[in-house]
Structure formats: structure tokens, C-alpha cells
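Novice: coordinates only, sequence not included:
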């Protein structure tokens, strides 16, 4: 029998889990106190976003110095606000210790203010690519709901030669409500759940209690069972966010009407929390029909969570039936839309959606 430490990507998986755990502890601790600033695209960003990205990259770079990085944030807005720079460095300097499971030493932290800014930019200026290895991260996915005390996620994925090979996702506020994910069903004391997958090795879940000692030690993982499709399509459970202005919700509603299924089903803002709804919350599908051709679909909103879903019986393609291309750069511009569904219903849903779009 192969021991877990001898499996492919065992070192990467363990380090990624520790790095995400530390970022989750930090973001949860400051969630009620941070304030947002606006980026060039008018989306919000907080000190927690910047600090979490710096910490993720610091830990990964120390362990894998040859790897590259791609993250949502860069330091342009941060550098305009000296007070915010100071706050970010205070956060990364005072973060709760989490040990590297491989060496037993504390995970690396930024050495200075300038090191913090440089680490953030390693991700913010990263371009990915179809050759070699790079880590994709979203330090706080769902900043809008994070600011409201609702659901958010810390995500991290390793991409190798254009394919996801490791994915780690922590949802620090998640507490299922009658088996479903709900924006307001928040774990007030613990750290929610952590999901992990390695390509070809299945996926696991951990329920995380509040840190009671340092360094925090992750509990043992539980293997996730494979998902089954609904026995009747009228029972199809759809996850969506009608607040999104980039998706044709009319197509999704027509799909539900044709099947006799309820719409809306689960509605949450964070992209990675929507994937969590598919993995843990009983949802069966998510459909992305873009309003505009070439609409902005960013790699950090999908990398890692897609791997976890496919490892438990999900299937993901674009609307042309092609696999998702994680080597195309910061935007997933090589694909048109997305069909995310359990394997047993993916093909039928893809056919129905394309027929609705064409009508």
C-alpha cells in the first residue's frame, strides 16, 4: 500500500493546506474590522486580501523556489495608501504561526514592507502559461460578502502544464443549513471547512474548529464520496448568483422551466462558494452563459475548486464541450462559457443549454 506521504504531489498538497489554513485564520480574525478600497475595475479589495496573498506566496516560494505564481491582487492600489501598506504589513507580521508539515518549521512570512509588496506582485503580475508549474490563488474570494460577514473562500491551486493537479479551498464561515450552503448560515466560532484534491487521488474534507493552540494542527481529512446525479431531472438543484451581471440568467431560468426544476436553487456570491455548493451542498449544476463574447472569466475564480468537483464525480466543460484551459493566462479566454454538473447529467444539460441559446 502506498503511504500518503509517498503519493504524487504529497509535499505540494500538505504545504498548500498549511498555507491556506494560515490565510484563513488571518482573514477570519480581521473580517469584522477591515474596510474596502476600490480597484481600477471598481471591485472592492481589503487589507485582508493583500495580506493573505503575500502570506500564501511567502510560504510557497520558500518551499518551491522554482515555481511561478498568479494571484488576483497586485500592489498598485496598495502603494497609493501608506496607511493601508502599514496595516497589511502589521497583519502579515502578526499572523498566527502555522508549521510547514514537511520541515516542522513555521511557514515563511514576508521579511519587510518592500518584501510584502514584491510578494503580492509576484502573483499580481503573473501570467501563467501552458508549460511548467505555477500556483493560482484567490486570497479572499467573495470580498463583497466577506465585508458583510457572509460566505467567502481562500483558494489555492497548482497548475502544471496547463492542468490543475492540486486544489485546496477553505470556506472559513461555512456551516451547512439543512445540507445546503446559505449566505447567512455562518460558523461563528470555527474555521468552516477545508476541501482538498489531487488529480487522480479523490478529494477530502475537514471541519475546522477555532484555533485553540499554536501552532494550529489540521485535523485528519475525511474522504469525500462520489456524487450521484438526480434520479429525476425535475429534482435538479441549480446554483447561481443572480447578482452577477456577466451571466445570462434567462437561459438558466428557461432550462429550469423545461425540466420542471426549481429556480433559483442555491444563490451565493463567491465563485468558490458556488463550487462548494456543488461539492458539499447538494447542488447538481452551475451554468455560465456569458452575456458578452470573451467576457472576463478569471482563472483564480475557478482553479482548484474545479479539480475538487471533478474528483468527486463532477464534469466541467465549456459550452462547446471542450475541457477548461488553465494555461491560457489570467483570463480563461480559450473557452466559451461553462457547464459544471454531475457526470450523469452533464451531457443532457449541455445539449439543452445550447438549444436554448440557439433558439
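Specialist: Received, thanks. The structure displayed is predicted, hence computed values, not measured ones.

Novice: so residue 22 touches residue 95, yeah?
Specialist: Yes - Residue 22 is in contact with residue 95 according to Cβ atoms under 8 Å; the separation is 6.1 Å. For every residue, glycine as well, the C-beta is placed using N, CA and C.

Novice: Residues in contact with both of the two, list them for me.
Specialist: Listed as contacting both residue 22 and residue 95 by Cβ atoms under 8 Å, 6 or more residues apart in numbering are residue 55.

Novice: out of the two, which sits in the more crowded spot?
Specialist: Between residue 22 and residue 95, counted using other Cβ atoms under 10 Å, residue 22 has the larger neighbour count: 26 against 22.

Novice: for that one, phi and psi?
Specialist: With angles defined as degrees, to the nearest 10, residue 22 sits at phi -60, psi -40.

Novice: can you pull the contacts of it?
Specialist: Applying Cβ under 8 Å, 6+ apart, the residues contacting residue 22 are 55, 59, 95-96, 98, 107.

Novice: let's go with 6 Å and repeat that
Specialist: Listed by Cβ atoms under 6 Å, 6 or more residues apart in numbering, the contact set of residue 22 reads 55, 98, 107.

Novice: ok, now which ones touch the residue nearest to it when sequence neighbours are not counted?
Specialist: Distances taken as Cβ to Cβ, 6 or more residues apart in numbering put residue 98 closest to residue 22, at 4.1 Å, once the chain neighbours are dropped. Counting by Cβ under 6 Å, 6+ apart, residue 98 makes contact with 18, 21-22, 107, 215-216.

Novice: Show me which of the residues you listed are buried.
Specialist: 18, 21-22, 107, 215-216 (16 or more other Cβ atoms under 10 Å).

Novice: Now for the residues you listed: which two are most distant?
Specialist: Using Cβ to Cβ, the two most remote members of the buried ones among the contacts of residue 98 are 107 and 216, lying 11.1 Å apart.

Novice: The lowest-mean-pLDDT helix or strand in the chain: how far from the chain's middle?
Specialist: Lowest by mean pLDDT, DSSP states H and E among the helices and strands of the chain is strand 36-38, with a mean of 84. With Cα atoms, centre = their mean, to the nearest Å as the basis, strand 36-38 stands 21 Å off its chain's centre.

Novice: Name whatever forms a beta bridge with the most centrally placed residue in the chain.
Specialist: Among the residues of the chain, the one closest to the centroid is residue 155, at 3.6 Å (Cα atoms, centre = their mean). Per DSSP bridges, residues listed as beta-bridge partners of residue 155: residue 138, residue 169.

Novice: Residue 303 is in contact with that one, correct?
Specialist: No - assessed by Cβ atoms under 6 Å, residue 155 is found out of contact with residue 303, at 7.2 Å.

Novice: Among the contacts of residue 22, which are located in helices?
Specialist: Within these, residues falling in helices by DSSP state H are residue 55.

Novice: Now do the strands in the stretch 201-350 of the chain.
Specialist: When secondary structure is read from DSSP state E, counting those that start in this stretch, the stretch 201-350 of the chain shows strands at 203-207, 222-223, 239-240, 266-267, 285-288, 314-317, 338-342.

Novice: Just put these in TSV and tack on distance to residue 231.
Specialist: Shown next, in TSV, are the strands of the stretch 201-350 of the chain (distance: least, Cβ to Cβ, whole Å):
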stretch	distance to residue 231
strand 203-207	23
strand 222-223	24
strand 239-240	19
strand 266-267	19
strand 285-288	15
strand 314-317	17
strand 338-342	12
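
Novice: Distance to residue 355 and mean neighbour count for those strands - can I get that in JSON lines?
Specialist: Shown next, in JSON lines, are the strands of the stretch 201-350 of the chain (distance: least, Cβ to Cβ, whole Å; neighbours: other Cβ atoms under 10 Å):
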{"stretch": "strand 203-207", "distance to residue 355": "32", "mean neighbour count": "19"}
{"stretch": "strand 222-223", "distance to residue 355": "38", "mean neighbour count": "10"}
{"stretch": "strand 239-240", "distance to residue 355": "19", "mean neighbour count": "25"}
{"stretch": "strand 266-267", "distance to residue 355": "24", "mean neighbour count": "20"}
{"stretch": "strand 285-288", "distance to residue 355": "13", "mean neighbour count": "26"}
{"stretch": "strand 314-317", "distance to residue 355": "16", "mean neighbour count": "20"}
{"stretch": "strand 338-342", "distance to residue 355": "13", "mean neighbour count": "24"}
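
Novice: I appreciate the help and will end here.
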